[in-house]
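>>> sequence? don't have it. structure:
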């Protein structure tokens, strides 16, 4: 059983910072891509940033220069440092992992339960 557990969400004023963490646990063979998505009320879930096992990162245009994704492969953990937060960053943030569970050969996709980020103006 693979689980993704997020932490670090909360309420912050515009211009502030938050750091999200997501740890993957369970029977895991290897993790390819880990990433963060977000979903605001009435909107579709969108990619915020993702990162490969070798450290290659990809960002949505709306967060470039403000957010930084990083990863600790030894801990199966991905982080999202969010700076200069704006009210439009308010959303539920979901962790995502593309991985191969132990005893399997095919890659599977997993989601965390989500963590709320609220940015007040």
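Yep, it's here. None of these values were measured; they are calculated from a predicted model.
>>> Most remote residue from the middle of this structure, which is it?
residue 103 (25.6 Å; Cα atoms, centre = their mean).
>>> these two touch, right, it and residue 28?
No. The criterion here is Cβ atoms under 8 Å, and residue 103 misses it with residue 28 at 10.5 Å. Quick note: C-beta positions are derived from backbone N, CA and C, even for glycine.
>>> Would you tell me what the next helix or strand after the helix or strand harbouring residue 37 is?
Element membership for residue 37, per DSSP states H and E: strand 28-39. Remark: after strand 28-39, the chain's next helix or strand is strand 46-51, criterion DSSP H and E.
>>> So what touches the strand holding residue 37?
2, 20, 22, 24, 45-53, 69, 71, 73, 76, 78, 80, 89, 91-104, 107, 114, 117 (Cβ atoms under 8 Å, 6 or more residues apart in numbering).
>>> Next up, phi/psi of the closest residue to residue 121 other than its chain neighbours, please.
Distances taken as Cβ to Cβ, 6 or more residues apart in numbering place residue 87 nearest to residue 121, at 4.7 Å, with adjacent residues excluded. Backbone geometry at residue 87, expressed as degrees, to the nearest 10, gives phi -50, psi -30.
>>> For this protein, which segments count as strands?
3-7, 10-13, 18-25, 28-39, 46-51, 57-59, 67-72, 77-82, 91-101, 108-111, 115-120 (DSSP state E).
>>> what's the spacing between the last one and its chain's center?
In other words, strand 115-120. Distance of strand 115-120 from the chain centroid (Cα atoms, centre = their mean, to the nearest Å) equals 14 Å.
>>> how close does the residue nearest the centre of the chain get to residue 106?
By Cα atoms, centre = their mean, the mean C-alpha position of the chain lies nearest to residue 36, the distance being 2.6 Å. Using Cβ to Cβ, to the nearest Å, we find residue 36 at a distance of 24 Å from residue 106.
>>> For the strands of the chain, could you give me a markdown table that also reports mean pLDDT?
Below are the strands of the chain laid out as a markdown table (pLDDT from 0 to 100):
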| stretch | mean pLDDT |
| --- | --- |
| strand 3-7 | 96 |
| strand 10-13 | 98 |
| strand 18-25 | 98 |
| strand 28-39 | 97 |
| strand 46-51 | 98 |
| strand 57-59 | 98 |
| strand 67-72 | 98 |
| strand 77-82 | 98 |
| strand 91-101 | 97 |
| strand 108-111 | 96 |
| strand 115-120 | 98 |
